[in-house]
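Participant: sharing a model that was predicted from the sequence below.
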Amino acid sequence: MKAHIVLLPGDGIGPEIIAQARQVLEAIAAKHGHTFTMNELPMGGASIDAHGEPLTADTLDACRKADAVLMGAVGGPKWDTIDPAIRPERGLLALRKGMGVFANLRPCTIHPALAVACPLRPDILAKPIDILMVRELTGDIYFGAHDTAPDGQSASDLMIYTVPEIERVARVAFSLARGRGKRLCSVDKANVLAASRLWRETVTRLGAEYPDIELTHMYVDNAAMQLILRPAQFDVVVTGNLFGDILSDESAAIAGSLGMMPSASLGDGKAGLYEPIHGSAPDIAGRDLANPLGMILSAALLLRHSLGLEGEAAQIEAAVSGVLNSGYRTGDIFSDGCQKVGCGEMGRLVIQAL
Ligand code: IPM
Ligand code: MG
């Protein structure tokens, strides 16, 4: 098949991890006779430096036209003090909104070889953990009005959800639950927030259309605790943008390292945005220390969800497992008795395993 993929390396470790994912995509294309055209565009801080804004209209346009977009990470201390309206993160939010990718899929499983990196007690890990977090991505307090009073003495951010916004992400979550364990837990704060009450009412009403799915609701504070105490109880979790941001970092800790975690952001069509859930890690950038596996696994999700190449996606995932089973580790997932490798070497090992 032919596909056009836009690569947005971004900042910090973004360029070095995306270089590995690009080589993995090239290797899988060569192996299966696909033609992937890929072009790299600046995004986040790199785009601020080049064009004065974190996401240019041309870049957004190219992303909208592509079959899929693969992004590294954005942000860094260099841009921490600039006008909040053009921070690197703003570019990422504008990209998500502009591409209309409202459903962010963040899977959490513990690779057996990495169980030692999981901070939970072994008895909690006795039951298999396989959680798919579905985070709403283009609404909520992230996109409500952000205001600071002229005197600088108060500030507010508006948490707002509409029924259609809740419905469309809930449908994605119900459908995904149907293809898995048939259980959906909706997480909100309906005991306090009006937006959460609307969320719960809407998800409950939709639930009637999915009688084969066991729907439960949980307050976000309890969900944060349950993820640690009894993570195996969860199958698919659906939640709003802010709660999903927080809970997905928590579930990444359970999986051993943020560096391992891929994500897929999907909208109405097949095109999607794929990014590891970690940040730009400026402290280790450019030193060949980053873990490229979350990025490489994001490329696998791209093949699966946007290009329909399930077999190729599974091969990349198997290659990553193979490399971990062989004992190779980047620093973030290193434990005694393993072989420590850098970012480039980890990428090369994955390609070799392919
Ligand atoms: C994430 C990140 C982003 C978010 C930041 C960089 C804006 O934390 O993808 O989880 O909050 O969505
Ligand atoms: Mg986050």
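Facilitator: Structure's in. What do you need? Ligands and ions are numbered 1, 2, ... in the order given.

Participant: mind checking what secondary structure the residue nearest to Gly91 when sequence neighbours are not counted has?
Facilitator: Of all residues not flanking Gly91 in the chain, Pro54 sits nearest, at 2.7 Å (Cβ to Cβ, 6 or more residues apart in numbering). Glycine gets a C-beta too; all of them are placed from N, C-alpha and C. Classification of Pro54 by DSSP: H, G, I helix; E, B strand; the rest coil places it in coil.

Participant: for the residue of the stretch 151-300 of the chain found nearest ligand 1, give me its contacts.
Facilitator: Closest residue of the stretch 151-300 of the chain to ligand 1, Cβ to the nearest ligand atom: Asp245 (4.5 Å). For Asp245, the contacting residues are Arg135, by Cβ atoms under 8 Å, 6 or more residues apart in numbering.

Participant: what pLDDT is listed against it?
Facilitator: Looking at Asp245, its pLDDT is 95.

Participant: and if you look at Asp157?
Facilitator: On the pLDDT scale, Asp157 gets 98.

Participant: what is the neighbour count of it?
Facilitator: 15 (other Cβ atoms under 10 Å).

Participant: what are the bridge partners for it, then?
Facilitator: Taking DSSP bridges as the rule, Asp157 bridges to His146.

Participant: touching, it and Gly144? I think so.
Facilitator: Yes - applying Cβ atoms under 8 Å as the test, Asp157 and Gly144 come out as touching, 6.0 Å apart.

Participant: which parts of the stretch 151-300 of the chain sit against ligand 1?
Facilitator: Counting by Cβ under 6 Å from any ligand atom, the stretch 151-300 of the chain comes close to ligand 1 at Asp245, Ile277.

Participant: all helices of the stretch 151-300 of the chain, in order?
Facilitator: Per DSSP state H, counting those that start in this stretch, the stretch 151-300 of the chain carries helices over the ranges 163-178, 194-207, 220-229, 241-254, 293-305.

Participant: ranges for the helices of the stretch 1-150 of the chain?
Facilitator: 14-32, 45-51, 57-65, 88-99.

Participant: isn't Ala253 right up against Pro119?
Facilitator: Yes - using Cβ under 8 Å, Ala253 is in contact with Pro119, at 6.3 Å.

Participant: in terms of neighbours, single out the busier of those two.
Facilitator: Comparing Ala253 with Pro119 by other Cβ under 10 Å, the one with more neighbours is Ala253, at 17 against 9.

Participant: for Val350, which non-adjacent residue is closest in space?
Facilitator: With Cβ to Cβ, 6+ apart, the residue lying closest to Val350 is Ala319, at 5.0 Å.

Participant: so who does the residue lying closest to Leu258 once chain neighbours are set aside touch?
Facilitator: Among residues not flanking Leu258 along the chain, His278 sits closest, at 4.1 Å (Cβ to Cβ, 6+ apart). The neighbours of His278, taking Cβ under 8 Å, 6+ apart as the test, are Ala73, Ala252, Leu258, Gly259, Met261, Gly294.

Participant: just Asp157 next, same as before
Facilitator: With the criterion set at Cβ under 8 Å, 6+ apart, Asp157 makes contact with Ile141, Gly144, Ala145, His146, Asp147.

Participant: what distance do you get for it to Ser298?
Facilitator: Asp157 is 28 Å from Ser298, where distance means Cβ to Cβ, to the nearest Å.
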